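A.B. asks: Give the three-dimensional model of this entry:
(one chain, ligands or ions: 2)
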Amino acid sequence: MAYKIHKPARTLAVQSYVVEAAKGIAFTAGRFFQNTFASADNKKIATVRYPEETRDYPERFRGVHRLTHRVDGSPRCVACLCCSTACPAQCIHIEPAEYEAGDSRHGYERFPKVFVIDELRCVFCGYCVEACPCDAIRMDTGYHVPASTEREHFIFDKETLMSIPGRDGTFVTGNPRHEPGDPSHPGIDREHGH
Ligand code: SF4
Ligand code: SF4
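C.D. replies: Numbering: from 1, shown residues only. Ligands and ions are numbered 1, 2, ... in the order given. Predicted coordinates:
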């Protein structure tokens with residue numbers, strides 16, 4: 001059976017648009033006079049003077065990225081490339097490197113020598129955050145990309161990404177991190193597999 005779409009009756013009032021146009025003008029004029037003459041608390045302003053003013057963002061708002069820190073201040077990121085692989089906009093560029101010999105992380109983990117996100121190409125889907133196995137990349141900064149006419153201002157390098165705190169003001173996360181050498185570390189070595 002064909003689905004019947006309800007359509008309003010085409011009366012003279014609907015067809016002429018006069019009533020609806022008058023309603024629209026009355027609404028707009030009402031807002032205009034209220035915003036012009038009412039006291040500051042009574043204005044019906046639907047816009048804010050961005051960027052001087054911003055709205056309160058919801059708690060789970062996805063802002064610009066940050067790279068979280070370990071307790072020693074180094075990046076939690078192990079340069080596994082999961083985030084850049086998951087990114088549909090292909091706007092994450094990572095160059096991995098090995099920790100120096102003698103560092104307890106040598107042979108276990110890598111670190112990002114280069115980590116760049118093009119925030120202008122990003123579509124803020126959050127896939128990178130979901131893909132990360134280390135809670136190393138987050139979008140809980142509460143900031144959106146600052147307005148700029150300079151292209152390079154949207155290219156966030158590793159230092160920039162590590163300099164942005166979370167909304168709680170910290171650079172770490174509440175999730176525990178099992179460092180190589182800790183009793184809680186699984187102790188699997190990339191070269192020996194045990
Ligand atoms: S939020 Fe989405 S588009 Fe932006 S960097 Fe992450 S995965 Fe890529
Ligand atoms: S941020 Fe996470 S997913 Fe991306 S490379 Fe680093 S550890 Fe891997």
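A.B. asks: And D118, how far from ligand 1?
C.D. replies: As judged by C-beta to the nearest ligand atom, to the nearest Å, D118 and ligand 1 stand 8 Å apart. Yep, even glycine has a C-beta here, placed from its N, CA and C like the rest.
A.B. asks: Report the contact partners of that residue.
C.D. replies: D118 sits next to 91, 93, 154-156 when contact means C-beta atoms under 8 Å, 6 or more residues apart in numbering.
A.B. asks: Would you mark the buried spots in stretch 92-105?
C.D. replies: Judged by neighbour count using 16 or more other C-beta atoms under 10 Å, the buried positions of stretch 92-105 are 92, 94, 96, 99, 105.
A.B. asks: where exactly do the helices run in the protein?
C.D. replies: Taking DSSP state H, the helices of the chain run over residues 12-16, 18-37, 82-86, 127-131, 158-162.
A.B. asks: Format those helices as TSV; extra columns: mean neighbour count and mean pLDDT.
C.D. replies: Listed next are these as TSV, based on neighbours: other C-beta atoms under 10 Å; pLDDT from 0 to 100:
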stretch	mean neighbour count	mean pLDDT
helix 12-16	10	86
helix 18-37	11	92
helix 82-86	18	98
helix 127-131	17	98
helix 158-162	18	98
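A.B. asks: in the sheet, who's paired with V114?
C.D. replies: Counting by DSSP bridges, V114 is bridged to E95.
A.B. asks: so where is the chain shaky, pLDDT-wise?
C.D. replies: Residue ranges of the chain with pLDDT under 70: 1, 187-194.
A.B. asks: How is it partitioned into domains?
C.D. replies: Following automatic domain parsing, one finds the domains of the chain at 13-46, 66-162.
A.B. asks: Residues of this protein that sit close to ligand 2?
C.D. replies: Contact residues, the chain versus ligand 2 (C-beta under 6 Å from any ligand atom): 77-83, 94, 131-132, 134, 136-137.
A.B. asks: Quick check: of those, which lies closest to ligand 1?
C.D. replies: The closest of the residues of the chain next to ligand 2 to ligand 1 turns out to be C83 (C-beta to the nearest ligand atom; 6.5 Å).
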